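Chemist: please find the sequence and the predicted model below.
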Amino acid sequence: MIRANAEAGVRCGSHYSYMTRRDSLFALATPLAAGQISNSPTPSRKLNVVCVGGHPDDPETGCGATLARYSARGHNVTIVYLTRGEAGINGKGHAEAARIRTDEALKACKILKAKPIFVGQIDGSSEINNARYEAFESLLRAQAPDLVFTHWPVDTHRDHCAASLLTFQSWHRADKKYALAYFEVLTGEQTQQFSPNFYVDVSETWETKKQACFMHASQGPSEFYPYHEEMEKFRGLEYRCKRAEAFIVHSQGPLPPLAW
C-alpha cells in the first residue's frame, strides 16, 4: 500500500507513509500510480529498533504491531521499560506488583521477539534530572538505534511524560540523528493533542500485538484492549487500510527506515 500527495512531495513507502498535517487529507485521496517508486529509505542491514515506554504494556499497546513488523523481518527490537509497574496492581505492594508485571513484560517481549531492558525507575515516582538524563542517554546510545519510538509528551500520566522527555533529550544530544517517532496510548484519555503524520499498516501483525497485550493479565486486557483495537481500526480508516498504528515523526530527524 503506497500513497502520497505527489504535488506536495510527500514521502512514503510500502505499508507506511509520512505526511504533514496540511497534506494528510490530500494524501489519503491521491494514491501513487501503479509501479511508481517511492523515496522512502530502505536499509541494507539489520536495523536497531528501540521502543521506550513508561510501564510494562505501554510499548505493546502503543506500537506493538509495528514492532512485530520489524522483528518479523529479522531486525533487532529492544523494549525499554522506564519502570516495572510497581504501583499498577490494586492490593499489591510494590515488590510483588513489580515481580508480576516484569514477568508479564518478559512474556510479551518473547511474543514480539524483542529484548527487554528495565531502567529501574519507580512507577508513579519517575524522575527527570541531570543524573537521570545522563544515565538514560548512555543507555540509549549503547543500543546504537536507527529508530526510536516513545510516548507523546502531552500525556496525562507523568511516567509517560518522563519517558518521552528522557528519550527526546537523548535524541537531541546524539551525535548522529536517528529517526524519532512518538506513539499514542488511550488517545483522548491519556495521549492528548495527537495529530499523526506517519502511519504503519498493521493488518498483518495486529494479532501478534493482541497476544502480547494479553500477556499483561494483571492490567485487565479484556477491558483495555478493545479501546486500542478501535484506535487501530480508526487509524486504518485514515490510512485506507484494515488496521494501522499512527505516529508523529520528529521533522528534524530522518524518516523511519523501511523495514519490509
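Modeler: Yes, it's here.

Chemist: okay, CA-based contacts and neighbour counts for the rest of this
Modeler: OK.

Chemist: for stretch 250-260, list the C-alpha coordinates in PDB.
Modeler: These are the backbone C-alpha positions of stretch 250-260, laid out as PDB (Å, rounded to 0.1, in the frame of the first residue of the first chain):
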ATOM      1  CA  HIS A 250      10.100  14.400  14.500                       C
ATOM      2  CA  SER A 251      10.800  16.500  11.400                       C
ATOM      3  CA  GLN A 252      14.400  17.300  12.300                       C
ATOM      4  CA  GLY A 253      15.400  13.600  12.100                       C
ATOM      5  CA  PRO A 254      15.300  11.100   9.300                       C
ATOM      6  CA  LEU A 255      12.200   9.100   8.300                       C
ATOM      7  CA  PRO A 256      11.800   5.800  10.000                       C
ATOM      8  CA  PRO A 257      13.800   3.400   7.700                       C
ATOM      9  CA  LEU A 258      11.700   1.000   5.500                       C
ATOM     10  CA  ALA A 259      11.700  -2.400   7.100                       C
ATOM     11  CA  TRP A 260       9.800  -4.500   4.600                       C
END
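
Chemist: quick one: the strands in the chain?
Modeler: With DSSP state E, the ranges of strands along the chain come out as 12-13, 16-18, 48-53, 76-83, 115-121, 147-151, 179-183, 198-201, 244-249.

Chemist: redo these as TSV? Include mean neighbour count, mean pLDDT and distance to Leu165.
Modeler: Formatted as TSV, these follow (neighbours: other Cα atoms under 10 Å; pLDDT from 0 to 100; distance: least, Cα to Cα, whole Å):
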stretch	mean neighbour count	mean pLDDT	distance to Leu165
strand 12-13	24	37	27
strand 16-18	25	49	23
strand 48-53	25	98	11
strand 76-83	24	98	12
strand 115-121	16	98	14
strand 147-151	26	98	9
strand 179-183	25	98	11
strand 198-201	25	96	20
strand 244-249	27	97	15
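
Chemist: let me have those in CSV, extended by distance to Ser138.
Modeler: Below are the strands of the chain laid out as CSV (distance: least, Cα to Cα, whole Å):
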stretch, distance to Ser138
strand 12-13, 32
strand 16-18, 29
strand 48-53, 14
strand 76-83, 13
strand 115-121, 11
strand 147-151, 15
strand 179-183, 17
strand 198-201, 28
strand 244-249, 23
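
Chemist: list the contacts of Gly62.
Modeler: Phe183, Glu184, Val185, Glu245 (Cα atoms under 8 Å, 6 or more residues apart in numbering).

Chemist: looking at the strands of the chain, which is closest to Lys107?
Modeler: For those, the distance to Lys107 is smallest for strand 115-121, at 10.0 Å, taking Cα to Cα.

Chemist: list the helices and strands the closest one packs on?
Modeler: The contact analysis (3 or more Cα pairs under 8 Å, 6 or more residues apart in numbering; DSSP states H and E) places strand 115-121 against strand 76-83, helix 94-112.
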